[in-house]
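Chemist: pasting the structure only:
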């Protein structure tokens, strides 16, 4: 009878989301004895994941943007009445100690081992997993870990299944994307994101491939490759996505060799404005849905095979070739 009870769906959910929970990571493992009530998120994007799970953090580390509490529009509604403390800059261990958290999370934080040792004396602390490096954790793995840490494992699994199904459907409905080359390029320094980065992972989840020349030219443990101004050929791909970095439009308008790109001549460029670029850079369940809503139609326009059909975001940013 006991075996049968354990096999019931309701009992399986309870067991999976029960505490205590032990989570392995790059510096060892952390035991979370009970469901956390006061979570400090040191990850630049981790609060988005917590909000997707219905777990507003007590404090969060703001990355960029001028939105209240460091939360971008796609996630603001999930804050509810929460008013998290906003931290900026380097990890301030003394300030965190004063907050008296019962869980500290930092999978996308750059947390060092020395910082981990001190933070783990304050509360159970979860840095990144060694296999992903400080900023390479796929969104699925990040959500699974936070789901286990907050007692929301089953919810996390369902969110992952739903979003992966959306990617599967998009791949199936766009056969010309499969195996085509694509890359996201940060307009500030012409840095192309590799397949190890969350932005490169997004592209490949749609069926595109980041060129191997970009993956191999990035330094070890680096997530992007700087492209020299005198040779833009590594980013001359089937779908070239320019990410806004503040002032990117004027820089792209002045880029001397951009008109030599096939992507330029054939209308295969896509401009992602600051909000869309931020959504792609957060790559959380909430921001990915927003990014897919906005980016997919732009990719369709860039990949339609007709250079005379302009990509709407390129028109809006005044980035089309003047002769067109």
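Modeler: Here it is on my side, so go on. Predicted, not measured: the structure shown is a model, and the values here were computed from it.
Chemist: any low-confidence regions in the protein?
Modeler: Scanning the chain for pLDDT under 70 picks out 1-16, 188, 218-221, 323-324.
Chemist: and with 90 instead?
Modeler: Within the chain, the ranges that satisfy pLDDT under 90 run 1-17, 132-134, 136, 187-190, 216-224, 229, 245-248, 305, 307-308, 321-324.
Chemist: strands of this structure, residue ranges please.
Modeler: Using DSSP state E, the strands assigned to the chain run over residues 21-25, 28-32, 39-41, 59-61, 85-87, 103-106, 125-127, 182-186, 191-193, 224-226, 239-243, 269-272.
Chemist: quick check: which of those strands is nearest to residue 249?
Modeler: Counting by C-beta to C-beta, residue 249 lies closest to strand 269-272 out of the strands of the chain; the figure is 7.4 Å. Heads up, the C-betas are built off the backbone N, CA and C, glycines and all.
Chemist: what's the local residue count around the closest residue to residue 263 other than its chain neighbours?
Modeler: Residue nearest to residue 263 in three dimensions, not counting chain neighbours: residue 240, with 4.1 Å by C-beta to C-beta, 6 or more residues apart in numbering. As a burial measure, residue 240 scores 24 neighbours (other C-beta atoms under 10 Å).
Chemist: from the centroid of this protein, which residue is nearest?
Modeler: What sits nearest the mean C-alpha location of the chain, by C-alpha atoms, centre = their mean, is residue 283, with 2.4 Å.
Chemist: isn't that residue up against residue 197?
Modeler: No. Assessed by C-beta atoms under 8 Å, residue 283 is found out of contact with residue 197, at 9.2 Å.
Chemist: quick one, domains of the chain?
Modeler: 19-158, 174-316 (automatic domain parsing).
Chemist: in CSV: the ones you listed, plus distance to residue 168.
Modeler: Formatted as CSV, the domains of the chain follow (distance: least, C-beta to C-beta, whole Å):
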stretch, distance to residue 168
domain 19-158, 13
domain 174-316, 9
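Chemist: could I get the strands of the chain as TSV with distance to residue 155?
Modeler: TSV is the format used below for the strands of the chain (distance: least, C-beta to C-beta, whole Å):
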stretch	distance to residue 155
strand 21-25	15
strand 28-32	16
strand 39-41	15
strand 59-61	20
strand 85-87	25
strand 103-106	16
strand 125-127	18
strand 182-186	29
strand 191-193	29
strand 224-226	32
strand 239-243	30
strand 269-272	29
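Chemist: for residue 262, which of the ones you listed is the nearest?
Modeler: Comparing the strands of the chain against residue 262 with C-beta to C-beta, the closest turns out to be strand 239-243 (9.2 Å).
Chemist: quick check: beta-bridge partners of residue 193?
Modeler: Beta bridges link residue 193 to residue 224, judged by DSSP bridges.
Chemist: mind checking how far the residue nearest to residue 47 when sequence neighbours are not counted is from residue 252?
Modeler: By the measure of C-beta to C-beta, 6+ apart, the closest residue to residue 47 outside its immediate chain neighbours is residue 60, 4.0 Å from it. For residue 60, the distance to residue 252 (C-beta to C-beta, to the nearest Å) stands at 32 Å.
Chemist: tell me who's in contact with the closest residue to residue 291 other than its chain neighbours.
Modeler: In space, and not counting its chain neighbours, residue 291 is closest to residue 279: 4.1 Å by C-beta to C-beta, 6+ apart. Applying C-beta atoms under 8 Å, 6 or more residues apart in numbering, we find residue 279 in contact with 72, 74, 287, 288, 290, 291, 294.
Chemist: please name the bridge partners of residue 21.
Modeler: When assigned by DSSP bridges, residue 21 has beta-bridge partners residue 32.
Chemist: these two touch, right, it and residue 149?
Modeler: Yes. Counting by C-beta under 8 Å, residue 21 touches residue 149, with 6.5 Å between them.
Chemist: quick one, what contacts residue 69?
Modeler: Residue 69 sits next to 60, 62, 79, 82, 83, 84, 86 when contact means C-beta under 8 Å, 6+ apart.
Chemist: would you mind confirming that the second one makes contact with residue 84?
Modeler: Yep, that's residue 62 we're talking about. No. In this structure, residue 62 is not within contact of residue 84 by C-beta under 8 Å, at 9.7 Å.
Chemist: neighbour count: the two, which is higher?
Modeler: Higher neighbour count among residue 62 and residue 84: residue 84, with 22 against 16, using other C-beta under 10 Å.
Chemist: the more buried one contacts residue 47, doesn't it?
Modeler: Yes. Under the criterion of C-beta under 8 Å, residue 84 makes contact with residue 47 at 7.2 Å.
Chemist: shared neighbours of the two, which are they?
Modeler: Joint contacts of residue 84 and residue 47 (C-beta under 8 Å, 6+ apart) are 56, 57, 60.
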